[in-house]
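Trainee: Predicted model, plus sequence, below.
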Amino acid sequence: MFLYFAAQNVHLPLQVPAEFIKPYRRQFIGYPERRAFAAKVGALDAAVGRIEQSLRVAGMLDNTVIVFSSDNGASKAGDNFPL
C-alpha cells in the first residue's frame, strides 16, 4: 500500500479549531499568530496520530516507513533564525 497525506496545516490562513488553541494559552505564547501556528502543528500531530493508530490496528505499522517533509521556511508567525 502507498499512502500520501498532503497536509497544508503549516500554510496560511492561520485558522484552526478552538480545541487545538486551548493548550497554547497566552501565558505560554504571547503572539496570537504564533499561538495559532502552534495549534495548527498540534492539529497536524493529531491527524498523523490517527493515521498511525489506524495502521497499528490494521497490523501494518511494523512494516511501514513514515516520512515527514516540509516545502519552505517560516511565515510571519514563524522564525527561520539563523538562516
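Mentor: Structure's in. What do you need? Numbering: from 1, shown residues only.
Trainee: elements contacting the lengthiest helix in the chain?
Mentor: For the chain, the helix with the greatest residue count under DSSP state H is helix 32-57. Counting contacts by 3 or more Cβ pairs under 8 Å, 6 or more residues apart in numbering; DSSP states H and E, helix 32-57 is packed against helix 18-21. To be clear about C-beta, it is placed using only N, CA and C from the backbone, and glycine gets the same treatment.
Trainee: just checking, what packs against the helix it packs on?
Mentor: helix 32-57.
Trainee: Now the helix it packs on: buried residues?
Mentor: 34-40, 42-44, 55 (16 or more other Cβ atoms under 10 Å).
Trainee: mind checking how far that helix is from the chain centre?
Mentor: Taking Cα atoms, centre = their mean, to the nearest Å, one finds the center of helix 32-57 at 4 Å from the center of the full chain.
Trainee: quick one: Ala7 from Ser69, how far?
Mentor: 11 Å (Cβ to Cβ, to the nearest Å).
Trainee: So which of these two has more stuff around it?
Mentor: Ala7 (12 against 4; other Cβ atoms under 10 Å).
Trainee: Please name the residues that touch the more buried one.
Mentor: Contact partners of Ala7, counting by Cβ atoms under 8 Å, 6 or more residues apart in numbering, are 44, 47.
Trainee: now the one 10 residues further on
Mentor: When contacts are counted by Cβ under 8 Å, 6+ apart, Pro17 is found next to Ala43.
Trainee: okay, and the common contacts of Ala7 and Ser69?
Mentor: Between them, Ala7 and Ser69 share no contacting residue under Cβ under 8 Å, 6+ apart.
Trainee: Check whether the residue of the chain positioned farthest from its centre sits in a helix, strand or coil.
Mentor: The C-alpha centroid of the chain is most remote from Gly59, which lies 24.6 Å away (Cα atoms, centre = their mean). For Gly59, the assignment made with DSSP: H, G, I helix; E, B strand; the rest coil gives coil.
Trainee: any idea how far Glu33 is from it?
Mentor: To Glu33, Gly59 is 42 Å away according to Cβ to Cβ.
Trainee: Point out where the protein drops to low pLDDT.
Mentor: Residue ranges of the chain with pLDDT under 70: 71-83.
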